[in-house]
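# Predicted structure and sequence below. I'll ask about it afterward.
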Amino acid sequence: MLMQIVEKSDSNWNYATDYIYLATGDVSDILTGTIDDEIVISPQFNCYPNPFNPEINLAFNLDHTGFVEITIYNIKGQLVDQVIKDTYSAGDHTCTWNAPAGSSGIYLAQYKLNSELISCRKLTLLK
C-alpha cells in the first residue's frame, strides 16, 4: 500500500472545505481517484500573516486530544525554535512565534500531531 497526502485542490476529489485527506491505495488508485480507504486528517494548520515581521500566528484545530509539536527551521534545515511540544485538547489553538533578530529570510514551520508529520509551511520574514 502507498500512503499519499492528497491536497483539497485536486479537482478529482470532493472534499469538505479546508480539510486535508490522507488516502491509502496503490499508485493507479491514486492517479485515477478510486481509493477505498480515506481518512480525514483535521487539524488544519494556518500561519498568518505571511509574510510577517517579526511575529506570526500559528493556528491549528484538533478533533481530539493529541500531542502537538510545532518546530521552526531555517532554509538550511537547521533548528531555529521549538515553538510547541505539548498535549492539547480538542478545539482551536493559536500561538505566536517571534522571529529571532536578524535578516529577512525563509523559515519552515513543521507541524506534527502524535509524532506524525501533518504539514510544513513556508514562512517569509520581511524586515
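Looks like it came in fine.

# make it CA atoms for all contacts and neighbour counts henceforth
Fine.

# care to break the protein down by domain?
2-41, 45-125 (automatic domain parsing).

# ok, of those, where does mean pLDDT dip lowest?
Looking at the domains of the chain, the lowest mean pLDDT belongs to domain 2-41 (a mean of 40).

# Where do the helices of the protein begin and end?
Using DSSP state H, the helices of the chain run over residues 27-32.

# my guess is residue 65 contacts residue 87, does it?
Yes: at 7.0 Å, residue 65 counts as touching residue 87 under the criterion of C-alpha atoms under 8 Å.

# Would you map the strands across the chain?
2-6, 20-25, 37-41, 45-48, 55-62, 66-74, 79-88, 91-98, 105-113, 116-125 (DSSP state E).

# Quick one: residues contacting residue 102.
Under the criterion of C-alpha atoms under 8 Å, 6 or more residues apart in numbering, residue 102 has no contact partners.

# about what we covered before: in a markdown table, list the strands of the chain along with mean neighbour count.
Listed next are the strands of the chain as a markdown table, based on neighbours: other C-alpha atoms under 10 Å:
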| stretch | mean neighbour count |
| --- | --- |
| strand 2-6 | 13 |
| strand 20-25 | 20 |
| strand 37-41 | 12 |
| strand 45-48 | 18 |
| strand 55-62 | 18 |
| strand 66-74 | 18 |
| strand 79-88 | 14 |
| strand 91-98 | 13 |
| strand 105-113 | 19 |
| strand 116-125 | 16 |
